[in-house]
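Chemist: Got a predicted structure here, sequence first:
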Amino acid sequence: MSEHIYELPLNERLRTFMRVEFLYKRLKYTLENDDTWAIRSSVNTLLEIYSILSRTDVRREVLFDLDRYIYQMTKYQGSSLVNEERAEEINSKLESLKNEVDQVGTGYLSQIRDIEFVSSLLHRHTLPGGRAEFDMPKYKFWLDSGLTRTRRDLREWVGVIQPVCNSIDQILWLLRESSEAIATVAINGLYNHQIERNSQISMVRIFLSKNNVFPEISGSKHLISIRFLNWAKTEEKTTQENKNIRFKISLC
């Protein structure tokens, strides 16, 4: 039986990473489909990712985290408590990702922004329905140009952001794998977890075996609070669950 997982990032850097991860998953999914609406969705998602990456220096933060994990993996390779072959494999992948992110350079997003067609799409990105056919006949022309052209262009544009997005995927995987989930109980639907002073926690993960409640998580560097809510019918409001809830928690 699959678990139902809820996550909360505890800092802005991780929130940015997880938003990129979410959009990148959607992008990879829509890229597998060839119809016009899927291509439109791929373009929309690509522009959303671009907007996030262009707001802050995500590339620099990615490089910082890759360096940190490479250092950790290098230390693990000499430990008898770790599968040295697996640590070396992960370290090799991290080194490869770092080289790819290094190679794209600081101005990598200009490869997308400086394309006049993409720039026009970005200009109307926040306007609801702003890329309708009557607004952008050039966009319709491009969509009707055939899969050979649209696929080629999309591959080029996605290739610009791919090194950073792939690195974020790997960083978040390592973070999630860094902590084991511990079984516990929320008394009357409430649970508080005191964080030790020197703990470096940046993500809370909640695992539920059943989809009969969902957690509302709030966190700071000192305390994690979880309130389990019931929402049996869509037209009704959520209510506080008053039963004990068994779940697992992971602090990464």
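Modeler: Arrived safely, thanks for sending.
Chemist: What mean pLDDT does the helix or strand where Arg68 lies get?
Modeler: If you go by DSSP states H and E, Arg68 is part of helix 58-76. For helix 58-76, mean pLDDT rounds to 90.
Chemist: Ok, stretch 230-243 next?
Modeler: The model assigns stretch 230-243 a mean pLDDT of 89.
Chemist: how about it: buried residues?
Modeler: For stretch 230-243, the neighbour count (16 or more other Cβ atoms under 10 Å) marks Asn230, Glu241 as buried. Where C-beta positions appear, they are placed from N, C-alpha and C, glycine not excepted.
Chemist: one step back: from the rest of the structure, what touches the helix holding Arg68?
Modeler: Residues outside helix 58-76 that contact it (Cβ atoms under 8 Å, 6 or more residues apart in numbering) are 13, 16-17, 20, 52-53, 82, 84, 87-88, 90-91, 94-95, 97-98, 101-102, 104, 106, 108, 164, 167-168, 171, 174.
Chemist: Please list only the buried members of those residues.
Modeler: Buried among those by 16+ other Cβ under 10 Å: 13, 16-17, 20, 53, 87, 90-91, 94, 97-98, 101, 104, 108, 164, 167-168, 171, 174.
Chemist: Keep only those of those that are in helices.
Modeler: Cross-referencing those against helices under DSSP state H gives 13, 16-17, 20, 53, 87, 90-91, 94, 97-98, 101, 104, 164, 167-168, 171, 174.
Chemist: so where's this structure shaky on pLDDT?
Modeler: Applying pLDDT under 70 to the chain flags the ranges 1, 76-82.
Chemist: repeat that with 50
Modeler: Within the chain, no stretch has pLDDT under 50.
Chemist: quick one: Ile5 is in a strand?
Modeler: Yes: assessed by DSSP: H, G, I helix; E, B strand; the rest coil, Ile5 belongs to a strand.
Chemist: Tell me how many other residues surround the residue nearest to it when sequence neighbours are not counted.
Modeler: Closest residue to Ile5 apart from its sequence neighbours, by Cβ to Cβ, 6 or more residues apart in numbering: Phe207 at 5.6 Å. Residues within reach of Phe207, counting by other Cβ atoms under 10 Å, total 15.
Chemist: I'd assumed Phe207 was in a strand, is it?
Modeler: Yes: judged by three-state DSSP, Phe207 forms part of a strand.
Chemist: What separation do you get for it and Ile90?
Modeler: Distance of Phe207 to Ile90, given as Cβ to Cβ, to the nearest Å: 23 Å.
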